[in-house]
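Enquirer: Output the structure for:
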Amino acid sequence: MNHIEYGIPLYSVGWVPDGAQLPETESTQSVPDSSHIVLTGGGGEGSTGVKNAVLVVRFDPAATSISHEPVAELSLGSELPYRMAVHPDGLICSFPESCSWFEWEKELGDGAYKLSVRHSDRVLEQLQNVGQQLALAFNKEGSVLATGGEDGKLRIFKWPSMEIMFTKDQAHKTVKQIDFSHDGKFLVSLGQSGPGRVWDVSSAAVVATLPTEKNEVFCACKFSLVNNGSQVLHLADKDGIIVTWNTTTWKRVRSKRITRDGIMSFDVSADGKLLACGTTAGDLLILKSAGLQIHKVVPKAHSGFVTALSFSRDSRVLASASMDSSARVSTVEEVKKKGVNLWVVIVIILVSILAYFLNDPESWTTLKSELEKFYSSWR
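Expert: Take a look at the predicted model:
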């Protein structure tokens, strides 16, 4: 099935990178194109009875389905993993006070490999007792890590050394979203409200301020490639508007409302051709990035808020997660409707009528006279 409930509210979703996938064995040859998706979520602290966990599920591209049960589950006790960033060597999760590093693990048993995740012995000292980090991101090469805190502090580290590149107190009142440009030179950050900011990663300077208009509240940000190899920056407004920015002039080039529902989650495909939005109504919207035209809609994909989205590496599948405890995989291709197009039927009928009158001169003369009278009456 492409929609499974896993028993815990889900906050993050990501595709396990190629470097962490299982080596081929006789048991894996039967599903040679299988891959994995990682999910995090839970019920938080207290006596809710809902566990906090990292889940690994198998994805079958042939059936566009995910496994009914996780292939691996790591319990996290009373701490809720609110945010996650995936890396070929593992993943980092943010908890209420600190961040922790987890490693991929490949176990061989009964002639078959199993992919799982485990607590790392490594402690990220620079991210202990720093408060809730609301945003986590690696650059595309996995060599730089950025975090954005509830306290408004932005931190950027070299990875894996965790050498501090720069920190900025009060980058925003609260840092809610961050994303690296594809070349790793820039980092965009958004706060709870107000303008976005673009940072030069090497100099720590603000290279652009992205002002809001007409009471916009930016809630998500993603850099995207375009056909000529350059980049654009997309910002999503919580009320359903997508704004596109030129990354040379840092000027707006397009703004368009794509939904009346609130946008809760946002992602851009690796090839830059598609955008995806998850809404407060549980819908998924897939857009063509060039003109922000609707490509595909999955209505009521989830029964609750869509909390996270992630395109597959080949840009063919969109994984989504929700507060309703469900995960889903959706194909990007438009579903072609069966049956004959209504306009095709109308054209065929009109052509048939025209052919009939052309073959009968007397009828054609009569029809022409009546049309002229009708036209004259409307002049």
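
Enquirer: what are the bridge partners for the residue lying closest to Ser181 once chain neighbours are set aside, then?
Expert: Setting aside the residues directly before and after it, Ser181 is nearest to Phe223 in space (CB to CB, 6 or more residues apart in numbering), at 4.6 Å. The C-beta positions use only the backbone N, C-alpha and C, and glycine is treated the same way. Bridge pairing for Phe223 (DSSP bridges) gives the partners Leu233.

Enquirer: tell me the contacts of Phe223?
Expert: Contacts of Phe223 were listed using CB atoms under 8 Å, 6 or more residues apart in numbering, and they are Asp179, Phe180, Ser181, His182, Phe186, Val188, Gln231, Val232, Leu233, His234, Thr247, Val268.

Enquirer: Which among the residues you listed count as buried?
Expert: Of all those considered here, the ones buried according to neighbour count by 16 or more other CB atoms under 10 Å are Asp179, Phe180, Ser181, His182, Phe186, Val188, Gln231, Val232, Leu233, His234, Thr247, Val268.

Enquirer: Which helix or which strand is home to the first one?
Expert: Meaning Asp179. Take DSSP states H and E as the rule and Asp179 turns out to sit in strand 175-180.

Enquirer: Off-centre distance for that strand?
Expert: Average the C-alpha atoms of strand 175-180, do the same for its chain, and the two points are 13 Å apart (CA atoms, centre = their mean, to the nearest Å).

Enquirer: do you know how far Leu10 is from Asn227?
Expert: Separation of Leu10 from Asn227 (CB to CB, to the nearest Å) stands at 34 Å.

Enquirer: swap that for Leu190, sorry
Expert: Using CB to CB, one obtains 26 Å as the distance from Leu190 to Asn227.

Enquirer: So for the two, which residue has more residues nearby?
Expert: Between Leu190 and Asn227, counted using other CB atoms under 10 Å, Leu190 has the larger neighbour count: 26 against 10.

Enquirer: which non-adjacent residue is nearest that one?
Expert: The shortest distance from Leu190 to any residue other than its chain neighbours is 4.3 Å, reached at Gln177 (CB to CB, 6+ apart).

Enquirer: I'd assumed Gly41 was in contact with Pro70.
Expert: No. With contacts counted by CB atoms under 8 Å, Pro70 stays clear of Gly41, the gap being 11.7 Å.

Enquirer: Can you work out which residues contact both of these two?
Expert: Residues touching both Pro70 and Gly41 (CB under 8 Å, 6+ apart) are Leu55.

Enquirer: Give me the below-cutoff pLDDT ranges for this protein.
Expert: Residues of the chain that meet the criterion pLDDT under 70 lie in 22-34, 47, 109-111, 334-364, 366-379.

Enquirer: now the helices for it?
Expert: With helices called from DSSP state H, the chain shows them at 342-358, 361-377.

Enquirer: Break down the stretch 101-250 of the chain into its strands, ranges please.
Expert: Listed in chain order, the strands found in the stretch 101-250 of the chain under DSSP state E, counting those that start in this stretch are 112-119, 133-138, 144-149, 154-158, 164-168, 175-180, 186-191, 196-200, 206-210, 218-225, 231-237, 241-246.

Enquirer: Can I get the strand holding Asp179 in PDB? Just the C-alpha atoms.
Expert: Extracted as PDB, the C-alpha positions of strand 175-180 are listed here (Å, rounded to 0.1, in the frame of the first residue of the first chain):
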ATOM      1  CA  VAL A 175      14.700  30.500  13.300                       C
ATOM      2  CA  LYS A 176      12.000  28.300  11.700                       C
ATOM      3  CA  GLN A 177      13.400  27.200   8.400                       C
ATOM      4  CA  ILE A 178      16.800  27.000   6.600                       C
ATOM      5  CA  ASP A 179      18.100  25.700   3.300                       C
ATOM      6  CA  PHE A 180      21.500  25.600   1.500                       C
END
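
Enquirer: Mind listing the strands it pairs with, and their directions?
Expert: Strand 175-180 is paired, per DSSP bridges, with strand 186-191 (antiparallel).

Enquirer: From start to finish, how long is stretch 18-37 in a straight line?
Expert: One end of stretch 18-37 to the other measures 11 Å (CA to CA, to the nearest Å).
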